[in-house]
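Trainee: Sequence plus predicted model, see below.
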Amino acid sequence: MNERMRSRYGRRMRHRSRSVAVSIALWIAALPLVYLAVEAVLELVGAPALWQAPLQVVETVTGTEALRFGVAAAAVVIGLVLLVLAFAPGRLGRHELADERMLVVVDDDVLAGALSRAAASTAGVERDRASTSLGRRKADVSLRPTSGFAVSREDVDRATERELERLAVRPSVRARSRIEQAGVVGR
Amino acid sequence: MDGTSPAGRVSLSSRAIERTLGALAAEELGVPADTSGVRLHDAGGRLGVAVTAPVALGRGRTVLAAAEAAQRRVLADGPTLTGAQISTARIRVTGLHDAEPRRVR
Amino acid sequence: MTRSNRFLNRLALLLLGVIALAGAALLLRPEIEQYLLEPAGLMVPSLGLDQLGSILPIAIIVLAVLAVIVALAVTLTRGRGADGTAIEQDAVSVDANLIEGILRRELDGEGEVLHVRLRAFGKKGRTLLAEVQVRRGADLANVHRRVSAAVATADELLGEAPPVVTHITTGLRARLAGSTRTH
C-alpha cells in the first residue's frame, strides 16, 4: 500500500459524499409537483380529481390555517436540514492502524471504545464505566471506579498506552486518564 | 486443424455453442454448468467469447489459476466441440459458488 | 468522485434548502407581514400570482416533468455502480464480489464483526475498500487481526494481493470533526 494511495484515499475519506442527500432531496421536491401535475392532467381530460383541481389544491392549502402552517413547518424543517447538510463539514474523526498489507482506517468512536475497554478491564469494572474523548493526538479517559475499590491512575494510563501501542495508532495518540471521585456501588 | 473444411464439421446453434463453452469454463471453475453465462460477439469474423461465472473454492487452485485454465480450455476445446472458430475468450469471475441447495427461481 | 462533483452536490443542497425556505416564507406571508415587517415599516412586494390561473395546470405539468427528469438523472448517474472489478487482466477479470464473499466467510464466526462490504473504488477503480462494521466496544486489536488474516486468506485463494483499504466503523458516524465521545 504505497504513500500515494494512502494520501489519495485520505483526501477522499475526509469528506462525506452528499450525493445521496441530493437525490433524496430532489425526489422530495418532485413529489408535490408530480401530485399537482397528476391533478392537472385529470382536470385537463375532464376526469374526477384525486382530491381537488391543482388551483384549488393551492387555494385550499394556502387558505386553511392548519394546512398552511403544516406545510410551511415541513418546508422550514426540510429547508434547514438541507442547509445544514450543505454546509456541515462531514469530516469524520479517524485514525490509522499501522499495517503492512493494507491501509487500515478506524473511526474515532471505535478507537475510543477500544481505549475505554482497556481502561475498564484494567480497573476491573464494567465497560460502561469508562468513557473516552478522543481527538487527533490526545485521548482523555475517564473512569468511575467501584465504591470501595480504588483504582490507580497509573495502571489505567499504562493499560491505555499499551493498547495504543498494540494497535499501532497513527498519528500517535497520548492518553491521559482520570479516575472520578464518585464511584459506583457494586460491580 | 483450421475448421474451414466443411466435411465432418460439427455445427451448432449459437445457444448450444454458448451452453457448450459455458460448460467448459464451469468445469474448470468447479461450478455447475448452469451457473455460467456466455455471451458471444463477432471478433473479425471469428467468435469472441465472454464467460461470466462464479468459482468454487477448495479445489487446490487459486481463483486466478482456475479462471485462466477456464479461458485456455475454451480456446483449446471450444472449436472442436462447437465447430466454430474462436478468436478470443474472456472469463469474468463474479463471486463464490455456495455449495448450498439452489434457490428455486 | 471528483472535487467539482462534491461542490455541485453541496450547491444543489443549498439551492433546494433555500427554495424550501422560500416556499415556507410564501406560505407564511401574512404572518411575516404582520409580525415582522409592518412593525419595522417595510413592505412586502406583492406577487402577481393571481394571473397565473390559466397557465397554472400546464406550468405545473411541465415543472413536474422537469423535476422527475432531474431527480432521475441525478439518481441514476450517481455512479456508484456495481461493486466493481477487483482484478482485471487480459484473459480474466475478478469481481470485488468474490473477495467480499471470501472475507465474509472468514469473518463470519467473529462475533464482533457485524458486517463486511467490499467494493472497488477510486479513479482507476482497482483499489478495494473493505467497510467493516463492528459492534460498539469491540476489541479493536482483535478485529484488526481477524481482518488481516481474512485478507491474507483472500490473497492466497485469489492468487494475487490487490491493494486494499479497510475502514473499521461502528456504522453510526459522527458528523463533526473534533473529539469523539463514547461510553
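Mentor: Nice, thanks for sending it over.

Trainee: Contact partners for the residue of chain B found nearest chain C?
Mentor: Residue nearest to chain C within chain B: residue B:62 (3.0 Å; C-beta to the nearest C-beta). For every residue, glycine as well, the C-beta is placed using N, CA and C. Contacts of residue B:62 were listed using C-beta atoms under 8 Å, 6 or more residues apart in numbering or on different chains, and they are C:156-160.

Trainee: need the longest helix for chain A.
Mentor: Using DSSP state H to define each element, chain A has its longest helix at helix A:19-45.

Trainee: who does it touch, helix- and strand-wise?
Mentor: Contact analysis of helix A:19-45 by 3 or more C-beta pairs under 8 Å, 6 or more residues apart in numbering or on different chains; DSSP states H and E lists helix A:54-63, helix A:65-87, helix C:3-27, helix C:56-76 as its packing neighbours.

Trainee: List the buried residues in the second one.
Mentor: Of the residues in helix A:65-87, those scored as buried under the neighbour-count criterion (16 or more other C-beta atoms under 10 Å in any protein chain shown) are A:68, A:71-72, A:75-76, A:78-79, A:82-83, A:85-86.

Trainee: Next, the residue of chain B closest to chain C: phi, psi?
Mentor: phi -70, psi 160 (degrees, to the nearest 10).

Trainee: per-residue confidence at it?
Mentor: On the pLDDT scale, residue B:62 is placed at 95.

Trainee: ditto for residue C:181
Mentor: 39.

Trainee: swap in residue B:91?
Mentor: Here the pLDDT value assigned to residue B:91 is 96.

Trainee: ditto for residue A:158
Mentor: So residue A:158 comes in at 94 (pLDDT).

Trainee: helix or strand right after the one helix or strand it maps to?
Mentor: Using DSSP states H and E, residue A:158 sits within helix A:153-167. Downstream of helix A:153-167, the first helix or strand assigned by DSSP H and E is strand A:169-170.

Trainee: and the residue in chain A positioned nearest to chain B, how many residues sit next to it?
Mentor: Residue of chain A nearest chain B, by C-beta to the nearest C-beta: residue A:101 (17.2 Å). By other C-beta atoms under 10 Å in any protein chain shown, the residues close to residue A:101 number 15.

Trainee: for it, phi and psi?
Mentor: Dihedral pair for residue A:101: phi -80, psi -40, per degrees, to the nearest 10.

Trainee: Wait, a helix at residue A:177?
Mentor: No. Residue A:177 is assigned strand when assessed by DSSP: H, G, I helix; E, B strand; the rest coil, not a helix.

Trainee: Next up, the contacts around it.
Mentor: So residue A:177 contacts A:119, A:140-143, A:153, A:156-157, A:160 (C-beta under 8 Å, 6+ apart).

Trainee: Highest neighbour count among those?
Mentor: If you rank the contacts of residue A:177 by neighbour count (other C-beta under 10 Å), residue A:119 sits at the top with 29 neighbours.

Trainee: residue contacts, that one?
Mentor: A:130, A:132, A:141, A:143, A:156, A:159-160, A:177.

Trainee: What is the nearest of those to residue B:93?
Mentor: Proximity of the contacts of residue A:119 to residue B:93 (C-beta to C-beta) peaks at residue A:132, which lies at 43.1 Å.

Trainee: Can you give me the domain boundaries for chain C?
Mentor: Per automatic domain parsing, the domain ranges recorded for chain C read C:1-47, C:53-79, C:85-169.

Trainee: need these in a markdown table with mean pLDDT and distance to residue A:93, can you?
Mentor: Shown next, in a markdown table, are the domains of chain C (pLDDT from 0 to 100; distance: least, C-beta to C-beta, whole Å):
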| stretch | mean pLDDT | distance to residue A:93 |
| --- | --- | --- |
| domain C:1-47 | 73 | 19 |
| domain C:53-79 | 74 | 26 |
| domain C:85-169 | 89 | 11 |
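
Trainee: most neighbours per residue, which of these?
Mentor: domain C:85-169 (a mean of 19; mean count of other C-beta atoms under 10 Å in any protein chain shown).

Trainee: Quick check: end-to-end length of that one?
Mentor: End-to-end distance of domain C:85-169 (C-alpha to C-alpha, to the nearest Å): 24 Å.

Trainee: touching chain B at all, that domain?
Mentor: Yes. Using C-beta under 8 Å from any C-beta of the partner chain, we find that domain C:85-169 touches chain B at C:87, C:89, C:91-95, C:97-98, C:100-102, C:105, C:156-160.

Trainee: Quick one: the helices in chain B, in order.
Mentor: Along chain B, counting by DSSP H, helices occupy B:14-29, B:63-82.
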